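A.B. asks: Kindly generate the corresponding structure for this input.
(2 chains)
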Amino acid sequence: MDAAERWREVDRIFAGALERPVAERAAFLDACGGDPELRQEVERLLAADERIGTFLETPAGEALGAPVPWSDEGGRVGPYRLLRRIGSGGMGTVYLARRDEHYKRLVAVKVLRSDLESSEARHRFRAERQILARLEHPNIARLYDGGSAEDGRPYLVMELVEGLPVDRYCDRHRLTVDQRLDLFRRICAAVQYAHQHLLVHRDLKPGNILVTPEGEPKLLDFGIAQQLGPEDAGKATLSGLRAMTPLYASPEQVRGEAVTTASDVYSLGVLLHELLAGRSPYRVAGRGGPDLEAAVLEEEPEPPSRILFRPAEPSPESIAEVRCTRPAALARRLRGDLDQIVLRALRKDTESRYTSVALLSQDLENHLALRPVAARPKTVLYRTGKLVRRHRTAVVGAVLAALLGSGLLTSFVVQGRRVARERDKARYTLAFLTTTFKQADPYHSRGERLTAREMLDEGADRAIRELASQPDVQAALMDSIGEVALGLGRYDQAEPLLERALALRRKVFGPQSLEVAESLEHLGLLKQERSESTAAEALLRQSLALRRRLLGDGDLAVAKTLNELGSLLVDKMRIAEAEGLHQEALAIAHQVEGPVGPTVADSVLYLAKARKELGDLDAAERLFRQGLAIERRALGPEDPRLYRDQTTLGEILNDAGKYQAAEALLRQSLAVQQRILGREHPDVVTTLNDLGVVAQRLGRFVEAEVIDREVLQIARAQFGPTHWRVAIILGNLGATLVGQDKPEKIREGIPYYEQALAIRRQNLGDRDPLVAQIYLLLAGAHRQLHEPAQALPLAQKALGLLEQTEGPGHPHVAYALREVGTDYQYLGRCAEAEPYLRRSLDIRRKELAADNPEVAKAKTTLGDCLINLGRYAEADVLLREADAALSAQFPADDYRVAITRTLRARLERVRRGGPAVP
Amino acid sequence: MSDGEITKLLQTWSAGDSTAAEQLLPLVYDELRQIAARQLRQERGGHTLQATAVVNEAYLRLQGSEAFQWPSRAHFFAFAAHLIRRVLVDYARHRNRAKRGGGLERVTLAEAEDLALERAPDMVALDEALTQLETLDLRKAAVVELRFFGGLTTDEIARHLSVSPETVGREWRRAKAWLFDQLQPVERRV
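C.D. replies: As a prediction, the model looks like this:
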């Protein structure tokens, strides 16, 4: 037998043995026979397989980088004598040490890697050490001291902890599931305490969580990873330097992105999974390396109750045994609440995880106390849906005035994608800051909820008071709080904070830095929100130029800034220019993310929005659907962002007059949003509001009123009563009431318009395009009350503002023109009305498809005027065209069809010489 | 060497003749070494060499060169993994020499048993063992080379070798055990 043949024989038996449980292997080898040498070789391989650990799991290039550990045993750093090496990890080597001869107490001294030499790293190191020294918690190993050794290597002196890693402790003491949960919650409390002190652990794993013989958990290495800064910490986890598997690293850590408290929530989720089920959440965990990284990024973790029975070592029996139970009983115990809690902590997307460790712990307590847990999907009582179904009777207002009820409202609620994202970020930051300050402040330690304003004031004060010696951190915090204020619509508060952060960053980092670029961007977005678009454009362009210079033209941050700038230009109706920017962003995103990625989707969706503003609704719809398809693939089908954008598509369909399609899409969005976000989320507000608008456009006013009132209630609670978004909803409710065309309803609606107008003018001034629109709505209401003399000046005011802000060819101008024309007509001044109505129709014809209902409406109105002027032949052509277009799309009892038919009947009568009114 | 010859060598090598790679190596070796050296400079602290980054960059550089008509991207990666192995082993040799010269103690597996599991293996010894494995079991050696040196995922390896990912996983496990056993100091291999 030659060597290769012999190896094949060994390998065959080795493979057979591996497939059998450890206990049965000896018998299997006996059965295989063969010579003793061959058997010995197989046994050696089996032994190697058992002891193999992570051998070769870290790819060579990375593993090779591992520095050869130096040994300082017997040496000293600062005043500490190093007695014995007790371990080594990614950050350096830990020694048992004693301070000089005068002290008895033994400590652990960690000598850090020698490559923290740059002044920036040292600066960060000092700042972090100050915070670390403040951590005084019985379950966190204390940091006593720190300094630099003679050769410059930084070191830390810490409490010496003797104990077992938490997973081994639990198994050795055969803790039950309840006991494990109890211990885990005490670990959570320690992590939460650190988060309140603005410290993220970043490397939570059993080896860093020891349990003393007294049963006290102790967290080690708190925040040490952070001292290396975001770039290094991410890499350190992946590199051979630590030579660990990224088993506990969150997806954002694997990607090397910024690490937040949410990353600790994730790591705790992995730990909880293992403490409960005895296995890692990923099938490939044992392999490590690229497979595990891919799994962390993409694979949905398995629920603990199911993974228990995966055919792997240790067996389900032995896992259950160290939990004092049987496999089936353990699986039952885990199924339901505990599965859901673990999976929620393990979500890939930071936004869908528990927003704090405290909430994770709270949910476990809920579970232990048999209360419902937040992680389980709620069965949402589809109340709105039911109400809507109850009121599906159509309301037909067959009066011309009803036509004018609600032409512009959808555009009220089309919020920029960017705004929504900023708002999410703001909510997240706010949640973090809230938990940070709530318990830190004795006034609020009894669980009262801080108002957003108190929160912001306090956060800003704290930043100024406590961080004066660390201007970089101070600036970062001011910038974050400024962003929160921006997201919440508190512009007066946001502006000084963002300005100050910018000034500080210019001083600390220099005017040509990424930090300054970020501050410029945030200030630019603020100016955009305030409709100061010239200033906004200048700031965004500066930010863009800086990022281009510092990051190169192909960076995703450049793409993002391009999209923001493009979105601003779209607001200013500089569409062609904006499309160029979005195209460039798309090209960068393609280059970096390939055909499918979040930035690719974003860029396409921005392009769609640009098309929409141009009035090219077909192209907008096509691009939007394309963008949504990419987004679905990039984010997965359960991501809330997907449904927010789907809602925007609903709005586009709405604008295109495709109400049924819009309604179907919006209802689908609403169902998913209510399920995954709860009933009061701002996204739900937007979708519900749009459904209200659809109902209104379809003439279902009662249903619309029910929805609008509900939306108003949620929005007031969410944003505060004077937020500019509340004004939008007040306007919609007003329009719905006025649209019902009963005098008492109209009079009920007018004050809502007036409130909306006051809020908008106060927040944004007359430049705000919506101010003009509310003037139009008010004019319409007075018209319906047969008060054309009051309506006319309001409509003219609106027309003047719109021509100024939107330009002469804008659809909103067309609308205002028709309003002014109608008022003149009501006042009996038909000759003065005609030029307004004609200009209105011209704009509609240019902007919209020939069979669009808005074109038909413009024709109907002009036709009415021409009858009054005695120009019957011209009127007849227009009314026939309008009738044909409307009848093709709506049933005969639709109010628009009815109005057009009524006018045609009247035309027939007057042509035959009869009276104008029967 | 003409372009046609290079392409032919590549095909021969793909078909399993490893001597073809030896002839190809000088053509791209300098290129790879330069890339690796730059990667090392960019790494903060100069510690790690990202194999996948090197391969990716090498691919971008070499795919454009007319001399190399790669039958497929997978072929390139297999070839690159082999080259990376050469670069890294040379680098390790060089580093070990430098360390000995600098008076630093070289730590081997035997000296720190506890740390063996988390330490990089002795690259030179691993290379020798892997060369031996190639004579016994070419597929296992290929799996190790692609995965450990090339940084490819199980799925990618499976596609390249036209076997199932499960097979790759099993081969990997057994190959690792064999190598691990080979790398034990002789006195413990009883």
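
A.B. asks: Kindly list the single helix or strand of chain B that scores lowest on mean pLDDT.
C.D. replies: helix B:51-63 (a mean of 54; mean pLDDT, DSSP states H and E).

A.B. asks: Phi and psi next, for residue A:162.
C.D. replies: phi -110, psi 120 (degrees, to the nearest 10).

A.B. asks: quick one: contacts for it?
C.D. replies: Applying CB atoms under 8 Å, 6 or more residues apart in numbering or on different chains, we find residue A:162 in contact with A:210, A:212-213. All C-beta atoms are positioned from the backbone trio N, CA, C, and that covers glycine.

A.B. asks: Check residue A:539 too.
C.D. replies: A:520-521, A:523-524, A:527.

A.B. asks: end to end, how far does stretch B:158-172 reach?
C.D. replies: 11 Å (CA to CA, to the nearest Å).

A.B. asks: Buried residues, it. List them.
C.D. replies: If you call a residue buried by 16 or more other CB atoms under 10 Å in any protein chain shown, then stretch B:158-172 has these buried ones: B:158, B:160-161, B:167-172.

A.B. asks: roughly how far apart are the residue in the stretch 401-550 of chain A that chain B sits nearest to and residue A:558?
C.D. replies: Ranked by CB to the nearest CB, the top residue of the stretch 401-550 of chain A for proximity to chain B is residue A:550, at 16.0 Å. Noted for residue A:550: a distance of 10 Å to residue A:558, by CB to CB, to the nearest Å.

A.B. asks: name the element the residue of the stretch 401-550 of chain A closest to chain B belongs to?
C.D. replies: helix A:533-551 (DSSP states H and E).

A.B. asks: CA atoms only for that helix, dumped as PDB, please.
C.D. replies: Output of helix A:533-551 as PDB, limited to C-alpha atoms (Å, rounded to 0.1, in the frame of the first residue of the first chain):
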ATOM      1  CA  SER A 533     -32.500  77.400   0.800                       C
ATOM      2  CA  THR A 534     -29.600  79.600  -0.300                       C
ATOM      3  CA  ALA A 535     -27.800  79.300   3.000                       C
ATOM      4  CA  ALA A 536     -28.600  75.500   3.000                       C
ATOM      5  CA  GLU A 537     -27.200  75.100  -0.500                       C
ATOM      6  CA  ALA A 538     -23.900  76.900   0.400                       C
ATOM      7  CA  LEU A 539     -23.400  74.800   3.500                       C
ATOM      8  CA  LEU A 540     -24.200  71.500   1.800                       C
ATOM      9  CA  ARG A 541     -21.800  72.400  -1.000                       C
ATOM     10  CA  GLN A 542     -19.000  73.100   1.500                       C
ATOM     11  CA  SER A 543     -19.600  69.800   3.200                       C
ATOM     12  CA  LEU A 544     -19.600  68.000  -0.100                       C
ATOM     13  CA  ALA A 545     -16.300  69.700  -1.200                       C
ATOM     14  CA  LEU A 546     -14.600  68.700   2.100                       C
ATOM     15  CA  ARG A 547     -15.800  65.100   1.800                       C
ATOM     16  CA  ARG A 548     -14.700  64.900  -1.800                       C
ATOM     17  CA  ARG A 549     -11.300  66.200  -0.800                       C
ATOM     18  CA  LEU A 550     -10.800  64.000   2.200                       C
ATOM     19  CA  LEU A 551     -12.500  60.800   1.100                       C
END
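
A.B. asks: Tell me the buried residues in it?
C.D. replies: By 16+ other CB under 10 Å, the buried positions in helix A:533-551 come out as A:533, A:536-537, A:539-540, A:542-544, A:546-548.

A.B. asks: can you list the weak-confidence ranges in chain B?
C.D. replies: Within chain B, the stretches with pLDDT under 70 are B:1-77, B:87-88, B:90-121, B:185-190.

A.B. asks: So what's the residue count around the residue in the stretch 251-400 of chain A positioned nearest to chain B?
C.D. replies: Residue of the stretch 251-400 of chain A nearest chain B, by CB to the nearest CB: residue A:290 (4.7 Å). For residue A:290, the neighbour count with other CB atoms under 10 Å in any protein chain shown is 22.

A.B. asks: now the strands for chain A?
C.D. replies: A:76-77, A:80-89, A:92-99, A:106-112, A:143-148, A:154-159, A:164-165, A:209-211, A:217-219 (DSSP state E).
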